[in-house]
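1. A structural model of the following input is requested.
(one chain, ligands or ions: 1)
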Amino acid sequence: MCGIVGYVGPQQAQGVVIDGLRRLEYRGYDSAGVALVVQGGTVVTAKKAGKLANLEKVLADSPLPASTTGIGHTRWATHGPPTDVNAHPHDGNAHRIALVHNGIIENFADLRARLEADDHVLVSQTDTEVVAHLVELQVQSGEDLTTAMQRVCQQLEGAFTLVAVDSQDPDRVVAARRNSPLVVGVGEGEYFVGSDVAAFISHTREALELGQDQVVTITRDGVEITDFDGRPAQGRRFHVDWDLSAAEKDGHDWFMRKEIFEQPRAVADSLLGRRTRAGLLQLDEMRLSDDEIRDVDKIIIIACGTSFYAGMVAKYAIEHWTRVPVEVELASEFRYRDPILDYSTLIVAISQSGETADTLQAIRHARTQRSKVLAICNTNGSTIPRESDAVIYTHAGPEIGVASTKGFLTQLVACYLLALYVAQVKGTRYGDEINQVMGQLEAMPDHIETVLSASESVYALAREHLDTRSVLFLGRHAGYPVALEGALKLKELAYLHAEGFAAGELKHGPIALIEEGLPVLCVVPPRGRDQLHEKMLSGIQEVRARGARTICLAEEGDTRIEPYADVLIRLPQVPTLLQPLVAIVPLQLFACELASALGHDVDQPRNLAKSVTVE
Ligand code: F6R
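-> As a prediction, this is how the structure comes out:
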């Protein structure tokens, strides 16, 4: 996720800003930039794709003038690949202001079209540049930067943190936030804004937390906060007592735990901007025409590991909503079986990193057979989307923990969106049905939040299992891939024997593994659908009768499960197809806590790499 720093005070801003950006590097980024306000009425900018070292080389080769007011940015590409021109800060055609941004402006395409109709020349592919033009228009009409920011924020839809400076107002930095992080650092005669406190804790530990839809102005004299209508507002003052490493993790002990808690936000971000005003589903980046989608008569999903399990869930959703047959295949196996492919087969390649060699080789093979490839990917500018015909980006932000968590949830969201989009184009679902599912998806961040609020009881459960050597996971239907993913998390983090099974398959062999006290985690489907629930209860009874300790994840209000659950973890009531979005969360928490309590390195488990770039 992008990192943002702003500074005004007595120190040289360039050093403070670069130092802040370095401390935000852990957030992951693909380009960086700074802008300084120079006395006498100019803003100077330097920006460069790649690591901060690239930017520092630019600054060393062409030093910027002295300045005590500045902003900086590390970019995690969303709209437009990671290039010099797409790097922030951005400005308007008069080069009067500079602006940086974290988040997604949902209505940027409309705003951009309006600006271009008024002869504005936009040079990047970003949504951010549109906002820079709008803010510049306001200040040129005579407003101060604070009022300009308030007015522009009222026109924006989506989630954003914005920070801007104005060449004509050299001692002021203005920032705004909606659904995206921003904190203010309060020093002695100097003030900071940052994506999080890591941006400034080497200078001050006094901070202000901002509320939703607020604009903050920092000058050497202090801080002023308003809402988007200009009415005065208050921030909450707090003292930061974390050390730097805890600050980077937002107070969590592991990046993985932080990322688990970021999931409501990541899911919400992945849903942003997907519906037009007319209520139709739109997938901006997807470059397949409606005719190409109508021609698709088979879908093959290829992926590895956690992404493969997201693909297994996708099969249920796509087949249900579109009636198009779906195969799900491990990327590492795909091309060696000489798959039957042609132009009417759509290949969906799911990859968080976009660099997994097995998946990359599989899509290269598919393209030689004339199949279209659509990538579902979290990393803008990576190889797999570059080599695909179409892409849907997930908006999880960088995932630093090696074990995938928010990557998985946002892949599920992208798969649901793809399924609904194909249904819309092929006409296999009515518009109101699609809208109903979209509404259910939009409610998921709150449901995930509810599951997270019960994390302490899951942690306590995990700590009861420090001596366990083997754990089984059971699921049915969309809960089966959840069982597999729950087992994978435990294997990779806690180094335990963990296996996931389709509950109905147990009696065909694996039930022989059950012995007294063996923990069996059971993902219970919601009630009332295709007898799935009843069948799952039978499977649970079978293992319990043989001495297993059943730990059941079941929806609120499911009383039928109570006699068969030694431990019950409640899930919110959601439709069966969407249940993986909530059911996986306790399993992630369980694995994270157990591994942590066993003393393992949760973020970098042994033998594993975040990006597997060899076959
Ligand atoms: C497990 C995990 C891996 C990845 C797999 C594919 O927690 O992270 O199983 O899911 O290596 O990686 P991507 O999605 O980057 O292609």
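
2. burial measure for whatever residue of the stretch 51-200 of the chain ends up closest to the ligand, as a count.
-> Nearest to the ligand, among the residues of the stretch 51-200 of the chain, is residue 76, at 15.3 Å (Cβ to the nearest ligand atom). Every C-beta, even on glycine, is put in place using the N, C-alpha and C of the backbone. Applying other Cβ atoms under 10 Å, we find 21 residues neighbouring residue 76.

3. which residues sit in contact with the closest residue to the ligand within the stretch 151-300 of the chain?
-> Taking Cβ to the nearest ligand atom as the measure, the point where the stretch 151-300 of the chain comes nearest the ligand is residue 256, at 9.3 Å. Applying Cβ atoms under 8 Å, 6 or more residues apart in numbering to residue 256 gives the contacts 401-403, 405, 493, 588, 592, 602-603.

4. ends of stretch 207-226, how far apart?
-> Counting by Cα to Cα, to the nearest Å, you get 17 Å between the two ends of stretch 207-226.

5. Closest to the centroid, which residue in this protein?
-> With distances taken as Cα atoms, centre = their mean, the chain has residue 396 as the residue nearest its mean C-alpha position (1.0 Å).

6. just checking, that one touches residue 414?
-> No: the criterion here is Cβ atoms under 8 Å, and residue 396 misses it with residue 414 at 9.9 Å.

7. Need the residues touching each of the two.
-> Overlap between the neighbourhoods of residue 396 and residue 414 consists of residue 270, taking contacts as Cβ under 8 Å, 6+ apart.

8. before we move on, back to that, doesn't the residue nearest to the centre of the chain belong to a strand?
-> No: with the criterion set as DSSP: H, G, I helix; E, B strand; the rest coil, the secondary structure at residue 396 is coil rather than a strand.

9. how about it, what does it touch?
-> Per Cβ under 8 Å, 6+ apart, neighbours of residue 396: 262, 266, 269-270, 352, 378, 406-407, 409-410.

10. Recalculate using a threshold of 6 Å.
-> Residue 396 makes contact with 266, 378, 406-407, 410, according to Cβ atoms under 6 Å, 6 or more residues apart in numbering.

11. Which residue is it, in the stretch 251-400 of the chain, that comes closest to the ligand?
-> Taking Cβ to the nearest ligand atom, the stretch 251-400 of the chain has residue 305 as its residue nearest the ligand, at 1.9 Å.

12. Return the distance of that residue relative to residue 105.
-> Noted for residue 305: a distance of 33 Å to residue 105, by Cβ to Cβ, to the nearest Å.

13. ditto for residue 147
-> When distances are taken as Cβ to Cβ, residue 147 and residue 105 turn out to be 20 Å apart.

14. which of those two has more neighbours?
-> The neighbour comparison of residue 147 against residue 105 (other Cβ under 10 Å) goes to residue 105, with 26 against 18.

15. hey, what's that one bridged with?
-> When bridges are assigned using DSSP bridges, the partners listed for residue 105 are residue 158.

16. From the contacts of residue 396, which land in helices?
-> Taking DSSP state H, the ones among these that sit in helices are 266, 406-407, 410.

17. just curious, which of the residues you listed is nearest to the ligand?
-> The nearest one, if we look at the ones in helices among the contacts of residue 396 relative to the ligand and count by Cβ to the nearest ligand atom, is residue 407, at 6.3 Å.

18. top of the contacts of residue 396 by neighbour count?
-> Neighbour count (other Cβ under 10 Å) singles out residue 406 as the most crowded of those, with 30 neighbours.
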